[in-house]
Structure formats: structure tokens, C-alpha cells
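> sequence below, structure please.
(one chain, ligands or ions: 2)
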Amino acid sequence: MAVVVMKFGGTSVANVERIRNVALHVKREVEAGNKVAVVVSAMSGATNQLVSWVREASLLHDAREYDAVVATGEQVTAGLLAIVLQSMGLQARSWQGWQIPIITSGAHGSARILDVKADDLAARIHGGEIAVVTGFQGIEPDSGRISTLGRGGSDTSAVALAVALHADVCDIYTDVDGVYTTDPRIVSKAKRLPKVSYEEMLEMASLGSKVLQTRSVELAMVYRMRVRVLSSFVSPEGMEPVRIGELENIGTMVCDEDQIVEQQVVSGIAYAKDEAKVTILKVEDKPGVAARIFGPLADASINVDMIVQNVAPDGKSTDMTFTVQAAELPRTLEVLKAAKSDIGYFDVKASADVVKISVIGIGMRSHAGVAAQMFKALSEKGINILAISTSEIKISVLIDAAYAELAVRTLHTLYGLDAA
Ligand code: ASP
Ligand code: MG
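Ligands and ions are numbered 1, 2, ... in the order given. Below you'll find the model as predicted:
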């Protein structure tokens with residue numbers, strides 16, 4: 001018997017019929033004797049609709065009221081799933097964030113979970129009741145107000161609840177049957193990874209693979225909670241219930257790297273289209289310049305990713321190139337304009353027609369030459385690299401958007417990921 005947290009995303013609860021399908025997945029686990037807490041997202045599209053109503057009401061709005069509105073999507077699905085489970089003769093009740101409670105920080109709209117006080121809920125599930133919990137939301141205890149965790153936050157709700165309940169596994173049900181070596185829509189030979197390490201998943205999540213919210217992976221890594229990515233679109237009857245010790249047969253298990261026996265050098269290739277490149281022309285090449293550029297950007301909460309500084313051919317001035325999220329480009333340009341006299345530069349050039357392609361693998365720690373291979377393969381296809389950044393387990397290059405698919409395919413083949 002296991003304690004299982006099952007999380008279902010928006011497409012899995014898109015309508016009442018899909019919610020019935022979710023209930024069958026839950027029923028399977030309960031009938032196998034497992035103790036179950038379910039975390040649900042809003043019906044697909046619901047949160048977008050709520051956000052757009054808030055913006056329509058006023059572009060400048062109280063973040064606490066934004067949370068009051070957008071948290072309702074999950075309340076609907078939690079109640080509906082509890083009703084459907086009850087109609088199948090199962091014991092179930094819905095829980096909102098404040099009822100558990102899930103305690104968060106006061107950063108409305110992107111609050112962090114500080115604590116999950118799950119004693120009451122734990123007692124109920126151990127007594128045989130199914131807990132259906134709203135994802136995405138919690139309560140800020142000082143003001144007693146509802147908070148939300150940022151878009152995609154239900155994944156984080158699920159992992160936090162799994163940690164609080166000492167669950168054996170946190171199963172994240174979605175519309176894909178696992179994490180792939182790359183986007184299967186681009187590379188038809190992309191393969192499902194049976195296992196992926198927390199570190200790799202963190203890189204993949206933050207690099208644009210939208211399967212899990214980055215914060216949920218961070219939380220899972222800190223608490224060593226095993227997370228599986230599974231599809232809710234396979235028949236509920238055709239799936240085996242969770243059995244401790246036999247969790248690796250389906251989906252993708254996100255786990256500790258020493259639980260992965262056959263480690264590839266590169267395990268996945270990610271791409272992010274929402275990057276923009278900014279080049280500041282002719283800044284002085286002397287101490288303090290980078291601080292004068294990136295200080296005001298940091299103050300404006302603009303996240304800078306890749307940074308390249310050229311050498312100064314004349315020993316006096318140089319160019320500085322960096323990337324930001326494309327959505328942040330207009331604000332970035334404003335900040336740079338306002339700081340122009342302080343920074344001291346000739347001009348700024350920007351382009352959003354770029355993509356960032358990244359190869360990821362913990363095997364890189366012990367293998368030399370992964371980057372060199374990558375640069376050679378790209379150059380043989382005539383693909384120009386605009387910027388490079390690396391970490392211990394990742395190499396990212398910025399290239400022209402037109403070459404994105406070619407680059408992903410080339411690298412997928414290069415690192416042996418095409419092989420059956
Ligand atoms: N419903 C929220 C969103 O769309 C949270 C989630 O689905 O994870 O962002
Ligand atoms: Mg999601």
C-alpha cells in the first residue's frame with residue numbers, strides 16, 4: 001500500500017467527461033488499497049479566461065484581487081471531481097488551499113509555498129477518504145488572503161503536498177506520456193526517457209520544455225520526492241496501480257541521478273523561442289561598465305540570460321550582447337535608454353528572431369568535447385552561433401530562428417538520440 005499524490009493538468013480536466021476519466025484513474029488507485037490525494041488544475045483555458053477578465057476590468061489592478069479571481073478555476077474542478085467520485089460510490093471531499101492550509105508568502109500572483117499543514121488531510125486520507133485539492137493556490141497567513149503560485153503552479157502544489165504527506169510518489173498526469181529527448185513535433189524519432197535526473201529536468205523545465213513548472217522540480221529535488229510524468233489519456237483500466245518498488249514501467253520518473261544506471265552523455269535537447277537578443281554598441285572597456293548595464297536591468301526585475309562581451313580592438317570600446325525574454329524586450333530597451341548617459345554607449349540593436357538551443361545531460365560532467373562536437377555539427381550545416389552559455393550539465397547556443405528545427409534535428413542525431 002502506498003501514499004500517492006495524483007495531479008491532473010488542465011487538458012485532463014477540460015470538461016466533465018474528462019473529469020470522469022480522471023475519476024477512473026483515481027478509482028484504480030483506491031481499489032488497489034492506496035491512499036490518495038488528488039491535485040487538480042483549472043479546466044484548460046479557464047485560467048487564461050480569468051486573467052483576461054481581470055485585465056479587462058483594469059490593466060492596473062490589486063494583485064490580491066487578481067488572486068481572488070484566478071484561484072477560482074481550481075475550485076470548480078476540485079468540486080466537480082469530488083462530486084463525480086462520490087457518484088461512483090467513493091468517499092471524497094474537495095479542499096481549497098486555505099482549508100488545508102497551504103501557507104504561502106505574500107507575493108500575490110507568484111507566491112511561494114512556505115508550509116503545508118496537512119495533518120487533518122492526512123488523517124482523512126488514512127481513514128480512506130480521497131482528498132481532492134485545488135492546485136495553484138494557498139493562503140497568506142498574516143492577511144488571511146488567497147494567494148496563487150504563478151502560472152503552471154499546480155505542479156508545485158502537488159509536489160509540496162506529496163512532501164507533506166510523505167507520499168511514495170507524486171504522479172503528474174498530463175497530455176503527453178512522459179518527458180522526451182526533444183519535442184516529438186520537431187523530431188519524429190524523439191524518444192520517451194524512462195528516467196531523468198532532477199538536475200536535467202530543472203534545465204529542461206527552465207529551457208522551455210513545458211511539462212513541469214520549474215519550481216516543482218526544485219522542490220522535488222530538495223526533498224528527493226520522486227515525480228512521475230504520465231498521460232491521463234491512456235485508458236484508466238489499462239494501467240497498473242502504483243506498487244512500491246515497481247514505479248518505472250510507464251511514464252518518465254524524475255529522480256536522483258544515482259537511480260539512473262545507463263546514463264547518456266546528452267539526454268535531451270531543448271529549445272526556447274521566446275528569447276530576444278540585445279547588443280549595446282561601443283561601451284567603454286573598463287571596470288564598472290557591466291555593473292552599470294546590468295544593475296538597472298536587475299532593478300527592473302528583468303532576467304538576463306546569455307551575456308557576451310567582445311574584446312576591445314582599440315583597447316577603448318567594445319560591444320556587449322545579451323539575451324532577455326522576448327516579452328521583456330520593450331522594457332529592456334526603455335531601461336537602457338533611461339540609463340544611456342550613465343552607461344555611455346553609441347547605440348542599441350535588438351532582435352527577437354532568435355532561438356536558444358540547449359543540449360542537456362549530467363554525463364557532460366565527466367565527458368570532454370561535447371561542446372566542440374556541437375559547434376562543429378552546427379557549422380557543417382551553415383548555422384551561425386550568436387551567443388553561447390554553459391553550465392556543468394548544459395550547453396546553450398543562440399541562433400537565428402530560421403534554423404531552429406534544423407539545429408534540433410542535427411543535434412538529436414549527433415548525440416545518438418535517434419537510435420531506437
Ligand atoms: N491553472 C493554473 C494555470 O493555468 C495553474 C496550473 O494549471 O498549473 O496556470
Ligand atoms: Mg502545467
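> number of residues surrounding Phe375?
Residues near Phe375, counting by other Cβ atoms under 10 Å, number 14. C-beta: built from backbone N, CA, C; applies to glycine.
> one more: Arg145?
For Arg145, the neighbour count with other Cβ under 10 Å is 17.
> go ahead and confirm it touches Asp62.
No - in this structure, Arg145 is not within contact of Asp62 by Cβ atoms under 8 Å, at 10.3 Å.
> low pLDDT regions in this structure?
Counting by pLDDT under 70, the ranges of the chain that qualify are 208, 420.
> distance check, Asp119 against Val163.
Between Asp119 and Val163 the computed distance is 14 Å (Cβ to Cβ, to the nearest Å).
> more neighbours: these two, which one.
Neighbours were counted for Asp119 and for Val163 using other Cβ under 10 Å; Val163 has more, 20 against 10.
> how about the strand or helix carrying that one, does it reach ligand 1?
Using DSSP states H and E, Val163 falls within helix 154-164. Yes - against ligand 1, helix 154-164 shows contacts by Cβ under 6 Å from any ligand atom at 154-155.
> buried set for that helix?
For helix 154-164, a neighbour-count test (16 or more other Cβ atoms under 10 Å) marks 154-164 as buried.
> and what of stretch 243-253?
247, 250-253.
> return the subset of those lying in helices.
Judged by DSSP state H, the buried residues of stretch 243-253 include no members of helices.
> dump those residues into JSON lines; add distance to ligand 2 as well.
Below are the buried residues of stretch 243-253 laid out as JSON lines (distance: Cβ to the ion, whole Å):
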{"residue": "Leu247", "distance to ligand 2": "21"}
{"residue": "Ile250", "distance to ligand 2": "19"}
{"residue": "Gly251", "distance to ligand 2": "15"}
{"residue": "Thr252", "distance to ligand 2": "15"}
{"residue": "Met253", "distance to ligand 2": "18"}
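> could you tell me the end-to-end distance of stretch 296-310?
Stretch 296-310 has its terminal residues 21 Å apart, counting by Cα to Cα, to the nearest Å.
> so who does the spatially most central residue of the chain touch?
A centroid search over the chain (Cα atoms, centre = their mean) returns Gln213, at 2.6 Å, as the residue closest to the centre. The contact partners of Gln213, taken as Cβ atoms under 8 Å, 6 or more residues apart in numbering, are 150-156, 205.
> got phi/psi on it?
Dihedral pair for Gln213: phi -70, psi 140, per degrees, to the nearest 10.
> where does the stretch 201-350 of the chain get nearest to ligand 1, which residue?
Per Cβ to the nearest ligand atom, Gln213 is where the stretch 201-350 of the chain lies closest to ligand 1, at 6.7 Å.
> could you measure that residue against Gly238, distance?
Distance, Gln213 to Gly238, by Cβ to Cβ: 28 Å.
> out of the buried residues of stretch 243-253, what pair is the most spread apart?
Leu247 and Thr252 (11.0 Å; Cβ to Cβ).
> overlap of the contact sets of those two?
Here Leu247 and Thr252 have Arg228 as joint contacts, going by Cβ under 8 Å, 6+ apart.
> off-centre distance for stretch 253-269?
18 Å (Cα atoms, centre = their mean, to the nearest Å).
> wasn't Lys277 part of a helix?
No - Lys277 is assigned strand when assessed by DSSP: H, G, I helix; E, B strand; the rest coil, not a helix.
> pretty sure it contacts Ile399?
No - with contact defined as Cβ under 8 Å, Lys277 and Ile399 do not form a contacting pair (10.3 Å).
> those two: who's more crowded?
Lys277 (23 against 20).
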